[in-house]
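1. whatever this is, show me its structure:
(one chain, ligands or ions: 1)
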Amino acid sequence: MDVNTIYRGDTLEVLPTWPAGCVDLIFTDPPYNIGYVYDKYHDDLPDDQYVAWCRDWMAECQRVLTDTGSFYIAIGDDFAAQLRMLGKQLGLHLRNWIIWYYTFGQNMKNKFCRSHTHILYFTKHPKECTFNDHLLRFPSARHTEYQDLRANPHGRLPNDVWDEFPRVCGTFKERDGFHGCQLPEAMLTRVIMASSNPGDVVLDPLLGTGTTAVVAKRLGRRYVGIDISPEYVSRARERLENVCDESEAEPVNGVWPELHREFLIQLYRETKVTLENLLPNEVALRVIATSLKARTGASYEMEDVREEFERLAEEKRFPKLPNDTRFAARNHVTSEGKRYKRQVFRQRNRKTRVSTVSESLFSAL
Ligand SMILES: C[S@@+](CC[C@H](N)C(=O)[O-])C[C@H]1O[C@@H](n2cnc3c(N)ncnc32)[C@H](O)[C@@H]1O
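-> As a prediction, the model looks like this:
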């Protein structure tokens with residue numbers, strides 16, 4: 001097995017040629033057997049065939065994993081229970097059954113809207129495994145709401161329901177556009193930081209757009225990926241050419257490396273407090289600086305964090321937090337508003353000044 005390589009081929013033909021125990025972390029997001037259209041793979045197998053196929057690649061993954069390795073599988077509702085049981089049969093230990101709750105889920109007409117995916121987090125050994133808790137911490141409510149100095153100054157760990165990673169939608173800058181199942185890099189960053197160390201080997205045996213490999217490379221891990229589609233493989237290789245190892249990047253003349261800025265944005269998402277409330281809160285900012293130091297290895301202090309938050313806000317880099325949409329009356333969504341729009345349109349066509357029309361309309365309402 002060669003590291004820093006993307007293999008094109010059937011994972012069940014490639015993996016058996018590798019020695020046992022050569023991979024430290026596996027993350028994969030297999031086809032969910034829901035009829036999704038892929039380039040080469042047909043995602044509509046009879047249930048028993050699909051489960052047998054999953055058993056085969058999971059068994060190979062278990063074999064190539066080191067004795068202290070971790071194995072994450074993202075999977076939909078239909079087969080999550082079967083894959084959990086397959087893990088048990090293979091002697092894997094379930095450490096967390098994570099729910100990835102995402103925004104921008106699919107709307108439904110006659111049932112509840114689907115807005116989650118399961119992530120089964122297994123390890124080969126029941127206790128011995130890499131878990132870098134210090135790289136995952138963020139301020140707790142005791143810091144953000146009560147400014148309680150007795151709270152852990154390193155912050156708290158994320159829950160097993162992950163709601164900080166929106167789906168990579170069509171309009172997102174991150175989206176590569178050739179594959180509908182691209183996962184968010186920020187989510188892979190959490191997984192790879194939690195369960196591997198720099199230099200470790202990270203495998204995705206069903207690679208798709210290459211997200212796992214891209215994040216592994218940026219974080220200074222060695223990556224290996226496999227996909228059956230020649231097109232996906234060449235696009236993933238291109239994507240990898242455009243990223244580099246940023247694990248030892250340092251700020252230059254006060255300018256932060258992009259990876260460090262992304263960590264800060266992620267800490268903002270995790271803290272879930274608007275900037276307005278966060279910037280004056282020194283207790284929370286201190287925890288963020290501590291966590292950032294751990295994640296980056298650079299020596300950021302609270303004031304650096306505050307200034308970078310302000311710069312990122314000026315660049316409009318912050319995502320909107322849930323419930324943080326300021327109310328602004330938009331008349332066009334009411335029936336009066338529709339009438340208003342129609343009238344303005346007609347008036348515009350008659351070359352009448354719009355402001356006069358709107359003034360008269362508002363005074364009439
Ligand atoms: C859901 S996608 C992975 C998406 C990925 N997580 C990402 O962020 O882009 C699953 C991938 O498995 C690949 N695949 C399916 N069967 C395969 C097999 N037998 N060997 C290798 N790859 C396979 C498909 O081509 C597809 O790209």
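2. quick one: buried residues of whichever strand or helix holds Arg311?
-> In this assignment (DSSP states H and E), Arg311 forms part of helix 302-314. By 16 or more other C-beta atoms under 10 Å, the buried positions in helix 302-314 come out as Met302, Asp304, Val305, Arg306, Glu308, Phe309, Leu312. In short, each C-beta sits where N, CA and C put it, glycine included.
3. what's the closest of the residues you listed to the ligand?
-> Leu312 (25.4 Å; C-beta to the nearest ligand atom).
4. surely that closest one meets Glu262?
-> No - applying C-beta atoms under 8 Å, one finds Leu312 not in contact with Glu262, separated by 10.0 Å.
5. what touches both of those two?
-> Residues touching both Leu312 and Glu262 (C-beta atoms under 8 Å, 6 or more residues apart in numbering): there are none.
6. on that earlier part again, format the buried residues of helix 302-314 as a markdown table; extra columns: distance to Thr144 and pLDDT.
-> What follows is those, written out as a markdown table (distance: C-beta to C-beta, whole Å; pLDDT from 0 to 100):
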| residue | distance to Thr144 | pLDDT |
| --- | --- | --- |
| Met302 | 15 | 94 |
| Asp304 | 20 | 95 |
| Val305 | 14 | 96 |
| Arg306 | 15 | 95 |
| Glu308 | 18 | 96 |
| Phe309 | 14 | 95 |
| Leu312 | 18 | 95 |
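7. in a markdown table: the residues you listed, plus distance to the ligand.
-> Shown next, in a markdown table, are the buried residues of helix 302-314 (distance: C-beta to the nearest ligand atom, whole Å):
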| residue | distance to the ligand |
| --- | --- |
| Met302 | 35 |
| Asp304 | 32 |
| Val305 | 30 |
| Arg306 | 34 |
| Glu308 | 28 |
| Phe309 | 29 |
| Leu312 | 25 |
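8. any idea how far Trp57 is from Leu321?
-> 38 Å (C-beta to C-beta, to the nearest Å).
9. neighbour count: the two, which is higher?
-> Shown here are Leu321 and Trp57; by other C-beta atoms under 10 Å, Trp57 has more neighbours (19 against 15).
10. for that one, which residues are in contact?
-> Thr11, Leu12, Leu15, Pro30, Pro205, Leu206.
11. same question for Cys181.
-> Asp29, Tyr36, Gly208, Thr209.
12. tell me which element the third one falls in.
-> Read it as Gly208. Going by DSSP H and E, Gly208 is not in any helix or strand.
13. ok, of the buried residues of helix 302-314, which one's closest to Ser291?
-> Val305 (9.8 Å; C-beta to C-beta).
14. can you pull out the helices in this protein?
-> 11-14, 47-64, 77-89, 141-144, 185-195, 211-218, 230-241, 258-271, 275-278, 282-296, 302-314, 335-349, 354-364 (DSSP state H).
15. and these, which is most packed in?
-> helix 211-218 (a mean of 26; mean count of other C-beta atoms under 10 Å).
16. is it positioned near the ligand?
-> Yes - Helix 211-218 reaches the ligand (C-beta under 6 Å from any ligand atom) through Thr211.
17. what angle separates that helix from helix 185-195?
-> Inter-element angle recorded for helix 211-218 and helix 185-195: 60 degrees (by axes from the mean of the first three to the mean of the last three C-alpha atoms, to 10 degrees).
18. give the other helices and strands that helix 211-218 contacts.
-> Applying 3 or more C-beta pairs under 8 Å, 6 or more residues apart in numbering; DSSP states H and E, we find helix 211-218 packed against helix 185-195, strand 201-204, strand 222-227, helix 230-241.
19. name the residues that touch it?
-> 4, 6, 27-28, 182-185, 188-189, 192, 196, 202-204, 207, 222-225, 236, 239-240, 243-247, 259.
20. just to revisit the earlier point, between the buried residues of helix 302-314, which is nearest Asn107?
-> Looking across the buried residues of helix 302-314 and measuring by C-beta to C-beta, the closest to Asn107 is Leu312, at 31.3 Å.
21. give me the neighbour count for the closest residue to the ligand within the stretch 151-300 of the chain.
-> For the stretch 151-300 of the chain, the residue closest to the ligand is Gly208, as judged by C-beta to the nearest ligand atom, at 2.4 Å. Neighbours of Gly208 under the rule other C-beta under 10 Å: 26.
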